[in-house]
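Asks: Output the structure for:
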Amino acid sequence: KKIMKSSKIGASRGKAQTELLRANINDQVSRLLDQLEDLEELKEEFEEGEYEETKEETMAQLREFQEFLERSVTGDMSLVSEYGATILALQAAISQAFKTPEVIRMFAKKQPDALRKRLADLQRDKKIRQISNEQFESQAVEILIALKKLGSKLSEKEQSFLDKMSSARHMEDAVDKLGSGSSVEKSLISTASEEINKAKQ
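Replies: All right, here's what the predicted structure looks like:
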């Protein structure tokens, strides 16, 4: 009975530590993504050289956190599954494969519906000429690649758009290389399959 009791205490303590880790990870992810978003929004207000310096510091913090996150989830498949997309999104931001903070945030938080809404908003803004064609294309490519990596099925029109964009091929190759063969990549595929199956039920 004592052994059973101590094992229950150990399991309870382990669960509490995991919840604390989750809370810490979620707070850090939100803080760093807020920082990245603010950096781009306030870009014009920085003095000469200040933007580059601040961006370098932010990227260094992202790299440090991404390494911490990978170490933290190793060996715990539920955490790998939960934070696989976050790790991949941070890697995409660090490598500059993705440049739009809002898209990086939605990718990191596994929000395919929000990504699709943003794509619809971009299409509307392009139609009424609030954004240039170049701005639309660069963000649309990021969104569609993020959706693919999250296991969402693209329409023929969306896939055709990606196929026509040379930047999309380079970006998709870059993102594929980030997680290729790793537990992160495998977990993303299995998690995406589970989410698709749940949606079908």
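Asks: Residue 151 in helix, strand or coil?
Replies: With DSSP: H, G, I helix; E, B strand; the rest coil as the basis, residue 151 sits in coil.
Asks: Looking at it now. What's its pLDDT?
Replies: Note for residue 151: predicted pLDDT of 90.
Asks: Scan the protein for its longest helix.
Replies: The longest helix of the chain (DSSP state H) is helix 2-41.
Asks: Give the next helix or strand downstream of it.
Replies: Beyond helix 2-41 on the C-terminal side, the first helix or strand identified by DSSP states H and E is helix 50-73.
Asks: what's the spacing between that next one and its chain's center?
Replies: Remark: helix 50-73 is offset 14 Å from the chain centroid, using Cα atoms, centre = their mean, to the nearest Å.
Asks: quick one: contacts of that helix?
Replies: The contact list for helix 50-73, computed with Cβ atoms under 8 Å, 6 or more residues apart in numbering, reads 21, 25, 28-29, 32, 35-36, 39, 43, 46, 79-80, 82-83, 86-87, 90-91, 93-94, 184. Just so you know, the C-beta spots here come from the backbone N, C-alpha and C atoms, and that holds for glycine as well.
Asks: Quick check: buried residues in the next helix or strand after that helix?
Replies: Toward the C-terminus, helix 50-73 is succeeded by helix 77-94 as the next helix or strand (DSSP H and E). Residues of helix 77-94 classed as buried: 79-94 (neighbour count, 16 or more other Cβ atoms under 10 Å).
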